[in-house]
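Participant: Mind looking at a prediction? Sequence and model below.
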Amino acid sequence: MSTPKAKRRKTEKPVHRCGWAGEEPGMVKYHDEEWGVPSHDDKHLFEMLTLEGAQAGLCWATILKKREGYRKAFHNFDIQKVAKMSKASQTQLPPFPCALSLSVSICLSVCLS
């Protein structure tokens with residue numbers, strides 16, 4: 001009579017985080033899910049390039065907290081839509097508290113797209 005095999009418990013590998021990720025949930029999530037992960041998605045790369053441009057002199061945690069606001073302002077980083085934004089449409093965006101240097105970011109993103 002054979003005995004049933006014991007179920008193996010899946011052991012999760014310990015997560016090794018860089019010190020810069022800290023304890024803030026947004027930074028931890030970014031570190032674990034995005035940072036260092038190669039991306040070949042144009043939309044994601046455009047988003048990262050825009051956010052990096054907005055970061056100038058600010059901490060990355062600040063930018064991540066304002067990410068949703070940037071997504072709204074930049075049509076969810078749809079490159080075609082951003083490229084078609086006229087100067088008039090750029091200035092008509094409603095103000096929202098999530099944007100930092102929004103006019104500069106919009107000009108940069110329109111030029112990049």
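Facilitator: Okay, I see it.

Participant: all helices of the chain, in order?
Facilitator: Using DSSP state H, the helices found in the chain span residues 25-33, 42-55, 60-65, 67-73, 79-83, 87-91, 102-112.

Participant: Tell me which of these lies nearest to Cys18.
Facilitator: Evaluated over the helices of the chain, closeness to Cys18 peaks at helix 25-33, with 6.5 Å, by C-beta to C-beta. To be clear about C-beta, it is placed using only N, CA and C from the backbone, and glycine gets the same treatment.

Participant: outside of the closest one, which residues touch it?
Facilitator: Around helix 25-33, the neighbours that count as contacts under C-beta atoms under 8 Å, 6 or more residues apart in numbering are 15, 17-18, 20-22, 60-61, 64-65.

Participant: Could you point out which of these is nearest to Lys81?
Facilitator: Of these, the one sitting nearest to Lys81 (C-beta to C-beta) turns out to be Leu64, at 22.6 Å.

Participant: okay, now the closest one: neighbour count?
Facilitator: Using other C-beta atoms under 10 Å, Leu64 has 18 neighbouring residues.

Participant: Run through this structure and note the low-pLDDT ranges.
Facilitator: 1-12, 90-113 (pLDDT under 70).

Participant: The same query, at a cut-off of 80, please.
Facilitator: 1-15, 56-57, 86-113 (pLDDT under 80).

Participant: that older thread, what's the PyMOL syntax to select whichever of the contacts of helix 25-33 are buried?
Facilitator: Entered in PyMOL, the line below selects the buried ones among the contacts of helix 25-33, by 16 or more other C-beta atoms under 10 Å:
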select buried, resi 21+60+64
